[in-house]
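Asker: need a structure here:
(one chain, ligands or ions: 1)
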Amino acid sequence: MAASLQPSLIVHGGAGDWSSEDGDGEALVAACAAAARAGFEILRAGGSALDAATAAVVVLEDDPRFNAGTGSALTVDGEVECDASVMCGDGRAGAVGALRDVRNPIRLARLVMEKTPHVLLVGAGAGAFAVECGLTPVPPGALVTERMRDKWRAAVARAAGAPAASGGTVGCVARDAAGRVAAATSTGGMMLKRRGRVGDSAVIGAGTYADDGAGAVSCTGHGEAFIKAAAAKQVVEALRAGRSPAEAAREVLPAIRRHGGSGGLICVGADGRLGFAFDTPRMAHAWIDADGREGAGFRAV
Ligand code: GLY
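Answerer: Prediction:
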């Protein structure tokens, strides 16, 4: 390692509206805090920002209360199609879109980065790559939870087929002791989305971005608006221009709204400072800063 800095990291569990199941959000915040600790353990042991961000996202993909991996939102056809992406501050990036039957899409996004000359694989091609990499597909329907099936039925009855933001996208950004940053994002996307729809969580520059000279970002919200705003890249450029992470996070939200969306994001600067912002009623998040202080939250203050 080139330098020994104090590592830091922040996790989100998705921006969204209040749901009757959210209660006061404590359980979701606790899950984010556990994911943050899992990632931070890796950083504390001298591991990379990439390993830490990936590990934290895997924890939340495996938690059925979040809209990523197990527990993902369902397409209009009632299927799970996941998006995920990862980026390192040295410019390496990988992503998957409209991916079926892979338990941890973030692992496959990382394999796209590490084992192919490509950035984004989608659909059946991504599935075939998973098999090639030895990621055994789960049985069809294994990622569908009863809770999401019920929500889907209600959405079909209510919305007559209109897609809707589901909340619960997950993400993590980290800076390690060597000063490297990384970002990872994973989602089941929108409820009732069309088959083949890919959102910002699979798009480098929209839902995920990292640059060792500036910082790293993971977004959550209406994917189409984040793509049109090139949101994650905008935040990194604001960090590069000297904004604090909190300012950079806040300042991108009007651009999301101009494109008809809402949501939130987390970011870490190249100096390890952390930031977040959201304009939805809630966004579960948890962090451990460079002084080792832990924090977490759910609602707008
Ligand atoms: N931000 C998640 C999505 O729109 O798919």
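Asker: going by C-alpha atoms from here, please, whenever you check contacts or count neighbours.
Answerer: OK.
Asker: could you check how far residue 57 is from residue 151?
Answerer: 23 Å (C-alpha to C-alpha, to the nearest Å).
Asker: okay, the two: which has more neighbours?
Answerer: It is residue 57, of residue 57 and residue 151, that has more neighbours when counted by other C-alpha atoms under 10 Å, with 35 against 16.
Asker: could you tell me the phi and psi values at the residue lying closest to that one once chain neighbours are set aside?
Answerer: For residue 57, ignoring the flanking residues on the chain, the nearest one in space by C-alpha to C-alpha, 6 or more residues apart in numbering is residue 171 at 5.9 Å. Here is the backbone geometry of residue 171 (degrees, to the nearest 10): phi -170, psi 160.
Asker: buried residues in the lowest-mean-pLDDT helix or strand in the chain, which are they?
Answerer: Least confident helix or strand, the chain: helix 146-159 with a mean of 90, by mean pLDDT, DSSP states H and E. Buried residues in helix 146-159, counted by 16 or more other C-alpha atoms under 10 Å: 148-149, 151-152, 155-156.
Asker: which strands and helices sit next to it?
Answerer: Helices and strands touching helix 146-159, as assessed by 3 or more C-alpha pairs under 8 Å, 6 or more residues apart in numbering; DSSP states H and E, are absent.
Asker: buried set for stretch 239-254?
Answerer: For stretch 239-254, using 16+ other C-alpha under 10 Å, the buried residues are 239-240, 243-253.
Asker: ok, stretch 116-127 next?
Answerer: Neighbour count says stretch 116-127 has 119-123, 126-127 buried, by 16+ other C-alpha under 10 Å.
Asker: give me the mean pLDDT for stretch 116-126.
Answerer: Mean pLDDT, computed over stretch 116-126, is 98.
Asker: chain center to it, what's the gap?
Answerer: Remark: stretch 116-126 is offset 18 Å from the chain centroid, using C-alpha atoms, centre = their mean, to the nearest Å.
Asker: from the centre of this protein, point out the most distant residue.
Answerer: The outermost residue of the chain, judged against the average C-alpha position, is residue 157 (28.7 Å), by C-alpha atoms, centre = their mean.
Asker: and the gap between that residue and residue 147?
Answerer: Here residue 157 is placed at a distance of 16 Å from residue 147 (C-alpha to C-alpha).
Asker: can you list contacts of the least confident helix or strand of the chain?
Answerer: Helix 146-159 is contacted from outside by 71-74, 76, 78, 161, 191-192, using C-alpha atoms under 8 Å, 6 or more residues apart in numbering.
Asker: who wins on neighbours among these?
Answerer: Neighbour max across those (other C-alpha under 10 Å) = residue 73, 36 neighbours.
Asker: just checking, that residue touches residue 186?
Answerer: No: look at residue 73 against residue 186 with C-alpha atoms under 8 Å: they stay out of range, at 11.9 Å.
Asker: near the ligand, anything from the biggest strand by length in the chain?
Answerer: Secondary structure of the chain per DSSP state E: the longest strand is strand 8-16. No: figure legend: strand 8-16 not in contact with the ligand (C-alpha under 6 Å from any ligand atom); closest approach 8.3 Å.
Asker: who are the packing partners of that strand?
Answerer: With contacts taken as 3+ C-alpha pairs under 8 Å, 6+ apart, strand 8-16 sits against helix 26-44, helix 49-61, strand 170-175, strand 215-221, strand 263-269, strand 274-278, strand 282-288.
Asker: okay, these, which one's buried deepest?
Answerer: Comparing the helices and strands packed on strand 8-16 by mean neighbour count (mean count of other C-alpha atoms under 10 Å), strand 170-175 ranks first with a mean of 38.
Asker: how far off centre is the helix or strand that that one is followed by?
Answerer: Counting by DSSP states H and E, the next helix or strand C-terminal to strand 170-175 is strand 181-187. With C-alpha atoms, centre = their mean as the basis, strand 181-187 stands 5 Å off its chain's centre.
Asker: now do strand 181-187 against strand 215-221, angle only.
Answerer: Interaxial angle of strand 181-187 relative to strand 215-221 (axes from the mean of the first three to the mean of the last three C-alpha atoms, to 10 degrees): 10 degrees.
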